[in-house]
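Here is the input, now give the coordinates:
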Amino acid sequence: MTGFASGLLYQIGLHHETLEMAAKRSSHERKLAAAKKAFGDGKAGGGGVSLHKAATIKGLLDVSQVERAIVEDGRLTLVMRNGDHVKLPKMLPDDIALAIRVVDGKTSVVPGTLTAVDGQAIVFKTGPKRFGDVIWRLSNLPSPPTLPKKGGAINLEIAPAVGLMELPEPSMGRVTFYGDIKNRHIGKVLAEADHAIGHLFFGVDALTGKFSPPPDAPGYMPLIEIKARNMAGELSLPKWGAGKSPDPADKYKTAWWRGGTFFVWVPDKMEFLYRPSLKEVVPVNASIKLDIWTAHPSGLRAMEIKVADFVNANFNAVAARHTALLDLVEVAKVVFLVRWLKQNNIATDLSWAERRVVAKIETVDRVRQISVFPVLHKGKPQFRKAGGR
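Residues are numbered from 1 along each chain as shown. Now for the predicted structure:
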């Protein structure tokens, strides 16, 4: 009887444990199903990288005397009406070809239907087979768009760009590539530059959970440390939305995009100089910066502004630690010069760009992320690291 009773109790125990696991699994599945339902067609845009400006070329370059642009000896070259050939800076031929395809081709434009224009944001639907619901900053477009009525068709020139938004699966994010840059060098550089933002947030590699060596600049703190020190009273940053009262007439105050703060690498200065004696154009001031924005101004948090301000004031030190940012500057030069050609209506050798076989370089469009967050224990912050399922 003892053995039987023991076996029976063991069976009951296993059954109880199985029921508990089933209940947890069922609860998880319900939550996941609810998340996927709320996710709808998907969310995209907002932060990441946006290369939307054209270069500035200083010096006595008469644009009206530029007949066309060609690629000669691997260099993007201006053919002048007097027969001179003016060389642009050395750039990777694959990047030149892809930049011309994207900026001058069809993939630069993202079609959709307008959902809202909310403060700094434009929100539009592209459907589940493209990017889902997209939010983008109006000032991160090459030119102000022509806006239809809500639900009307819209075409926004976004590419080349990338963005990262959360997926409904726990700890998963989706990298969105705008333009035909996925599995290409430009796409890889933009995605890795976007990934560097996660290091600046958490002080760790979000993909591996390993701590990131800090930039060699005094006063650096990742966002998570700023938050912890603020929680412990070591900093006195104003609370989020301090002094801002909810506006009952605000029709978008509960919209999904209002909860997001977006960090995005954008052009800072991209200046070149024409040297007629050498018949060449050279870079003189090429830089990018970390922009921070929300649809509504009250959404900005002081601690996030602090991170962006530090990064921009110490960009060289940050880029020395995250070398993808140096690569991004080089890619930006290519894109901005191609945009300059387009802006000035200079005919470009699109046929060369389309004929060139651009090397494939693997990129990922789904990433698993690890979050690091502080909790208070007896008034002091402690860090816990949690990996998603």
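
Please name the nearest non-neighbouring residue to the residue nearest to the spatial centre of the chain.
Among the residues of the chain, G48 comes closest to the average C-alpha position under C-alpha atoms, centre = their mean, at 0.8 Å. Nearest non-adjacent residue to G48, counting by C-beta to C-beta, 6 or more residues apart in numbering: G163, 3.9 Å away. (C-beta placed from N, C-alpha, C; glycine too.)

likewise T126?
Nearest residue to T126 in three dimensions, chain neighbours excluded: G112, at 4.2 Å (C-beta to C-beta, 6+ apart).

so is the one you found in a helix, a strand, or just coil?
Going by DSSP: H, G, I helix; E, B strand; the rest coil, the secondary structure assigned to G112 is strand.

residue contacts, it?
124-127, 130, 134, 153-156 (C-beta atoms under 8 Å, 6 or more residues apart in numbering).

Tally up the residues packed near the residue nearest to G48, please.
Per other C-beta atoms under 10 Å, the neighbour tally for G163 reads 28.

Tell me how many other residues surround G74.
G74: 11 neighbours (other C-beta under 10 Å).

What score does it have for pLDDT?
Note on G74: pLDDT of 89.

Check the gap between the closest residue in space to N344 that isn't next to it in sequence and I100 for me.
Spatial nearest neighbour of N344, excluding adjacent residues (C-beta to C-beta, 6+ apart): V63 at 5.0 Å. Using C-beta to C-beta, to the nearest Å, V63 is found at 18 Å from I100.

Is the residue nearest to T126 bridged to anything, and to what?
Taking DSSP bridges as the rule, G112 bridges to I154.

Strands of the stretch 251-389 of the chain, start to end?
262-275, 280-293, 366-368, 370-377, 380-387 (DSSP state E, counting those that start in this stretch).

could those strands go into a markdown table alongside mean neighbour count, mean pLDDT and distance to L328?
A markdown table is the format used below for the strands of the stretch 251-389 of the chain (neighbours: other C-beta atoms under 10 Å; pLDDT from 0 to 100; distance: least, C-beta to C-beta, whole Å):
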| stretch | mean neighbour count | mean pLDDT | distance to L328 |
| --- | --- | --- | --- |
| strand 262-275 | 20 | 94 | 6 |
| strand 280-293 | 18 | 94 | 6 |
| strand 366-368 | 15 | 75 | 18 |
| strand 370-377 | 14 | 68 | 24 |
| strand 380-387 | 12 | 60 | 28 |
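
Out of those, the one nearest E354 is which?
strand 280-293 (24.3 Å; C-beta to C-beta).

Appreciated, that's everything.
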